[in-house]
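Undergrad: Dropping a prediction and its sequence here:
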Amino acid sequence: MNQTLFFITLFIFFELFEVWWQKGATLGEVLEKIHAYYSKSIFLLFFMHPTMYLALYLMMITHYNIYMQILFGIKLSDIALKLLLVHKVYVKQEMNDELRLMLSMKVEWYMLYFGVLFYPVLIWLGF
């Protein structure tokens, strides 16, 4: 029980860190912040996502529990999608009207904190 609460607390702390450095009013601003780390080093960008490593560790210590696999899969998909968008917008510079509209959409505050509430539930179920 103490171990579970420790990992949930640690995961929440790491997730809040990720929200803090990625926070923006629009999806475009979020991508700009991600691109700033991407342009310095792809390894630095991966370092800025500590929840991915914690999710991988939790998946291994729970013997690949299905809830931990879901958690890791969502985190990995989230990072991959952001990297694909950064690559498309900043490296290839391929922006159609739909993507331009999507990047200008407002990101509500609660959307950024969804993971802070959802991921600990998966950790709780995984243990």
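TA: Cool, the structure landed.

Undergrad: Show residues contacting the helix or strand bottoming out on mean pLDDT in the chain.
TA: Here the helix or strand of the chain ranked lowest by mean pLDDT, DSSP states H and E is helix 109-112, holding a mean of 89. Defining contact as C-beta atoms under 8 Å, 6 or more residues apart in numbering, one finds that helix 109-112 is touched by 19, 22-23. For every residue, glycine as well, the C-beta is placed using N, CA and C.

Undergrad: Go again with 7 Å.
TA: With C-beta atoms under 7 Å, 6 or more residues apart in numbering as the test, helix 109-112 has contacts from 19, 23.

Undergrad: Residue 24 versus residue 96, what's the distance?
TA: 21 Å (C-beta to C-beta, to the nearest Å).

Undergrad: In terms of neighbours, single out the busier of the two.
TA: Remark: of residue 96 and residue 24, residue 24 carries more neighbours, 15 against 9, as counted by other C-beta atoms under 10 Å.

Undergrad: What distance do you get for the residue nearest to that one when sequence neighbours are not counted to residue 7?
TA: Ranked by C-beta to C-beta, 6 or more residues apart in numbering and with sequence neighbours excluded, the top spatial neighbour of residue 24 is residue 30, at 4.2 Å. Going from residue 30 to residue 7 by C-beta to C-beta gives 27 Å.

Undergrad: picking up where we left off before, would you indicate which residues of the helix or strand that comes right after the least confident helix or strand of the chain are buried?
TA: Later in the chain than helix 109-112, the nearest helix or strand by DSSP states H and E is helix 114-126. Of the residues in helix 114-126, 115-116, 119-120, 122-123, 126 count as buried by neighbour count, 16 or more other C-beta atoms under 10 Å.

Undergrad: do stretch 6-18 as well
TA: Using 16+ other C-beta under 10 Å as the test for burial, stretch 6-18 gives 7-8, 11-12, 14-15, 18.
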